[in-house]
Structure formats: structure tokens, C-alpha cells
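[1] Based on what follows, work out the 3D shape:
(one chain, ligands or ions: 1)
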Amino acid sequence: MKWAARAPANIALVKYMGKCDARLNLPANASLSMTLDSLCTVVELREAAATRWVAAAPSASVSGRELRVPALDAAGAAKFEKHLARVISEAPGILSQFGLRMRAVGEVEIRSANTFPAASGIASSASAFAALTLAGAQACAADLDAFAAAWEGRPEFRRAWARVARQGSGSACRSLEGPWVRWVDTDAAAVSSRLPAYVDLVLLVASGKKAVSSTDAHAAVVASPLWAGRVERANARVAELSAALAAGDASVVAQVAWTELWEMHSLFHTSPQPFTYWLPLSLEILQWLKPLVEGPGAPVVTMDAGPNVHLLVPATDAAQWRARVAERFPGLLVLEDRAGGGAATAVS
Ligand code: PMV
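    Have a look, this model is predicted:
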């Protein structure tokens, strides 16, 4: 038997950076992100002789995107296998709470693949752990139709699994729903928005493995002198952003994201052993965007723990923004994805 799921990446406008419990991936502050759609990870579980991640393509596909099997090292594969064990051990409690029957899960082979172009600089841990959580959860369910009905129809069921996904990789808990998701303490849930449909244009400054992992960044920032007041500021931004989304106030969304971008990276720049993810081109792009963010029709600009710059703009303006970027930075690669609804059991 086989079970498959897909889950998209998400891009935070107020960041999860700094943990109050590293073992459980409990965040120091609330965060809020936009869930993407087809920039995603597909995970497939197949009954096999032993439970292990294998470097082989899942049979499932994602229309319009090429699937690439990641090159996981032994530690990465072990983390994935450990997370599947966590999903299976949490399943009886969650399934019974929602009236679903459990089946015994035997040994399974884990296959995974990303739609991100190779070394695109897009972090895959959120999408990977979200997809693995959903694939594993399905494998534990005796009745897949009943499981799918609960997944589609009961947000609190998805939220229960988001708590499990979070323990694999914190930001994974925001990839189970969409398009806008707020994560506070143990809970990640969709929030309402009156903004039109947005897309994320990822300006690919550089790709490849980052010098400082996000795990190390989470540990480093709490020792920055700028950490004082960070939790309160980030939580206040989440409140302001939630209100702006609900009101459809795009210019406040843009202002909050812009301030937050600079603050998170300032924490990196002021940790006891300062480090940066920025490259000269990252800064050049930010300088080009500065007057645009302050003007009317401002794009939402953010950066993760990496050198790439994300421009979130209404889908109807995407072509125009792509043209502006191409004119100012000829040859710069741009990835595009729209906002989506989160992890799904159906793989097309
Ligand atoms: O989920 P992690 O531990 O890889 O942390 C992700 C941290 C950021 O991407 C930098 C911010 C965020 O909220 O997604």
C-alpha cells in the first residue's frame, strides 16, 4: 500500500526566530505567514521491509512542476525517520479524539521530492515536515475516506496535526492551512483576510546550503542585545498584521513586513558572533525597494534566513512587478507561486 501527501512552503511576514523550548520547537513569539501552493514537497510512504528514507522519486506528481529528490545526508534522513515515528506515536490519541479508527502501521519506505528547482534557496523543511506529517497520519488511519473528510472539513483536526508537524520543524506547523496562518505557542490556525489573492515572487540572489542553519540562528538571536523587547514587538506586529489582513489594508501589511525584515536580520547582525545571510545583491535589491515600499501600491517585502528577497504582490500585478524587476536587475532569476490552502492528501 502507498500513502501520499503534498505540502507547500510558507513565507512568514512576522518571523519565528528564537525558541522558548528548543526540544518542542515552541516559539519565543507569535508569527504569521502566507502559505504557498505548488512550491511544495511530496511525500510518499510505501510498505517495505524496513522504515527508512530512500533517495527515490515518489510516483505522485504536481502539475506544472518538476519533482526533484533532495540529497539528504544521514542526519537529515534520520530526522525524517524520527518524525515519522513521532507521527505514528501521536496518531492513536488524535484519531480517536476525532472518532477515526487506527490501523497498525508496519515498516514503510519514505520517499520525498520537492518542486523547488535544485538549490533554489527555498527552505524545504516546512513543506517537508508538513507533508510527512500528513502522509504518516493517513497511513495510521483505517478509513482513508473518513480521514479525508476530517482533514477537509474540520480545521481543529488539521490543527492537532500541526502541533505534531511543529515538532519536526517549527515553521512546518504553518503549512497545513492557508492562505494566511498565525502561529501562537502550540497553535497554528488560518486567519481571515480581505486582501485579494497574492503571489510570492522570489528574487533568487543565491542558492545553495546556508552557512548558518536556522537551528543555529534561533539559538544565536536570543543573545543579541537587541533581543530585549523583541518578543513584545513581534507579538504586537502579529496583532497589527492580523488586523490589517482582516481589514484588507495592504499598505499596513507592507509596512509591518518591511520593519520585521530589518529587525530579524539586525538580530543576526548583532548576535555575539555576528553573521549575515545578505549578499551585496540582497542589499542592492532592498535599496531599490525602499522608496517603493514607502509609496502607494507598496509590495510586501520580506526575507527569510537566506539572501533571497520575496516580493508579495496581488496576483493581478504580478506580471507588472516581474517586468520591473527584470528591467532593474536583468538576468535575475525569479520564482513565482500563488497563495494556497495548505497540505493536501490528494496528489494530482
Ligand atoms: O522552522 P525553522 O526552524 O526552519 O525556522 C524558520 C525560521 C524562518 O524561516 C527564518 C522564519 C519563519 O518564521 O519561517
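[2] Would you mind listing what in the stretch 101-250 of the chain touches the ligand?
    Contact residues of the stretch 101-250 of the chain with respect to the ligand, defined by C-beta under 6 Å from any ligand atom, are listed as Ala123, Ser125, Ala126, Ser169, Gly170, Ser171, Ser214. Where you see a C-beta, it was placed from the backbone N, CA and C, and this is true even at glycine.
[3] Restricted to helices, list these.
    With DSSP state H as the criterion, helices contain Ser125, Ala126, Ser214 from among those.
[4] Can you list the buried residues in stretch 18-33?
    Judged by neighbour count (16 or more other C-beta atoms under 10 Å), stretch 18-33 contains these buried residues: Gly18, Lys19, Asn25, Pro27, Ala28, Asn29, Ala30, Ser31, Leu32, Ser33.
[5] Tabulate those in a markdown table, adding columns for distance to Ala257 and secondary structure.
    Written out in a markdown table, the entries for the buried residues of stretch 18-33 read as follows (distance: C-beta to C-beta, whole Å; DSSP: H, G, I helix; E, B strand; the rest coil):
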| residue | distance to Ala257 | secondary structure |
| --- | --- | --- |
| Gly18 | 18 | coil |
| Lys19 | 22 | strand |
| Asn25 | 23 | coil |
| Pro27 | 18 | strand |
| Ala28 | 19 | coil |
| Asn29 | 15 | coil |
| Ala30 | 15 | coil |
| Ser31 | 12 | strand |
| Leu32 | 10 | strand |
| Ser33 | 11 | strand |
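[6] Read off the pLDDT value for the residue in the stretch 51-200 of the chain that the ligand sits nearest to.
    Using C-beta to the nearest ligand atom, the point where the stretch 51-200 of the chain gets nearest to the ligand is Ser171, with a distance of 3.3 Å. Among the per-residue scores, Ser171 shows a pLDDT of 97.
[7] returning to that earlier point: need the ones in helices among the residues of the stretch 101-250 of the chain next to the ligand in CSV with pLDDT, can you?
    Conversion of these to CSV gives the following (pLDDT from 0 to 100):
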residue, pLDDT
Ser125, 91
Ala126, 96
Ser214, 91
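[8] got a winner among those residues for most neighbours?
    In terms of neighbour count, Ala126 stands highest of these at 31 neighbours, by other C-beta atoms under 10 Å.
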